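Participant: mind looking at a prediction? Sequence and model below.
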Amino acid sequence: MFLGRYHDYSNPSGVASGYLGNVTSYNENSCGALSCVVKLAPGERRTVAFLLGMKPSEEAAALVAGYADPAPRCAAEVEALLDNDEYITLYGRLVDKFGDNGLVTALIGHRQGDVLDMDLWIMSCRTFKRRLEHAMFDELVRRAAAAGVRTIVGHYYPTAKNLLVKDFYATIGFVKAAEDEAGNCTFEFTGFEGYQPQCGVMEIKRV
């Protein structure tokens, strides 16, 4: 879990100060805005669900109400994805000489025929450009090819937080297929034949 900016992993400033803002601010640092206080007894476990997005008040209230007991709801959603052959799901942890960075990236691809549409690809900015993104894509290509996929479709939305990955798809073999007036882009990857893994600098452990 990413706990906030500044200081180091042993003492993030948000944890040290006990304040993360807890306010809505479009395109600002959501990692530093959402906060809650959870008190745990020895050996106790709880699940906290953060719902990100923007909805009208009534829709938002109904959505939040559905997570009144988040543990079974979140577990059911994850299991449904894992058990559905129409989806390819991956997550990544990064361990380096400084320690275990934890779970820092995840992706969900929805397969329709021989096309895999990337519903989600998120990654911690603190581990981006350290080749983990290439390791994830190598595994995605392997899994997609085994499922008979011939085209992977990726999406780029030009928000303040996404500028870091504006050109990422193009660097790993995608070709821009469309762009609208707002700068939202669609990319396509078809380079399965003869594909060469792009990450050869780290040890990969599949679980």
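Facilitator: Great, that's in hand.

Participant: can you confirm residue 137 is in a strand?
Facilitator: No: counting by DSSP: H, G, I helix; E, B strand; the rest coil, residue 137 is located in no strand; its state is helix.

Participant: quick check: closest non-adjacent residue to it.
Facilitator: Once flanking residues are discounted, residue 137 sits nearest to residue 172: 5.4 Å by C-beta to C-beta, 6 or more residues apart in numbering. In short, each C-beta sits where N, CA and C put it, glycine included.

Participant: run a quick neighbour tally on the one you found.
Facilitator: Close neighbours of residue 172, defined as other C-beta atoms under 10 Å, add up to 18.

Participant: wait, it sits on residue 198?
Facilitator: Yes: assessed by C-beta atoms under 8 Å, residue 172 is found in contact with residue 198 at 6.3 Å.

Participant: overlap in contacts of those two?
Facilitator: 134, 137 (C-beta atoms under 8 Å, 6 or more residues apart in numbering).

Participant: starting at the chain centroid, how far to the longest strand belonging to the chain?
Facilitator: Longest strand of the chain, by residue count under DSSP state E: strand 99-112. Distance, stretch centre to chain centre, for strand 99-112: 5 Å (C-alpha atoms, centre = their mean, to the nearest Å).

Participant: partners of residue 187 in the sheet?
Facilitator: residue 154, residue 176 (DSSP bridges).

Participant: chain neighbours aside, what residue packs nearest to residue 124?
Facilitator: Nearest non-adjacent residue to residue 124 (C-beta to C-beta, 6+ apart): residue 104, at 4.1 Å.

Participant: hang on, isn't the one you found packed against residue 133?
Facilitator: No: using C-beta under 8 Å, residue 104 is not in contact with residue 133, being 10.1 Å away.

Participant: which neighbours do the two have in common?
Facilitator: Taking C-beta under 8 Å, 6+ apart as the criterion, residue 104 and residue 133 both touch residue 123.

Participant: list the contacts of the residue nearest to residue 137.
Facilitator: Counting by C-beta under 8 Å, 6+ apart, residue 172 has contacts 133, 134, 137, 189, 198.

Participant: adding neighbour count, write the residues you listed out as JSON lines.
Facilitator: Formatted as JSON lines, the contacts of residue 172 follow (neighbours: other C-beta atoms under 10 Å):
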{"residue": "133", "neighbour count": "22"}
{"residue": "134", "neighbour count": "18"}
{"residue": "137", "neighbour count": "25"}
{"residue": "189", "neighbour count": "23"}
{"residue": "198", "neighbour count": "16"}
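
Participant: nearest to residue 152 among those?
Facilitator: Distance to residue 152 across the contacts of residue 172 (C-beta to C-beta) is lowest for residue 189, with 4.2 Å.

Participant: measure that closest one to residue 121 for me?
Facilitator: The gap separating residue 189 from residue 121 is 12 Å, by C-beta to C-beta, to the nearest Å.

Participant: which neighbours do these two share?
Facilitator: Taking C-beta under 8 Å, 6+ apart as the criterion, residue 189 and residue 121 both touch residue 154.

Participant: is the residue most central in space within the chain in a bridge, and if so with what?
Facilitator: Residue closest to the average C-alpha location in the chain (C-alpha atoms, centre = their mean): residue 122, at 2.2 Å. Counting by DSSP bridges, residue 122 forms beta bridges with residue 106.
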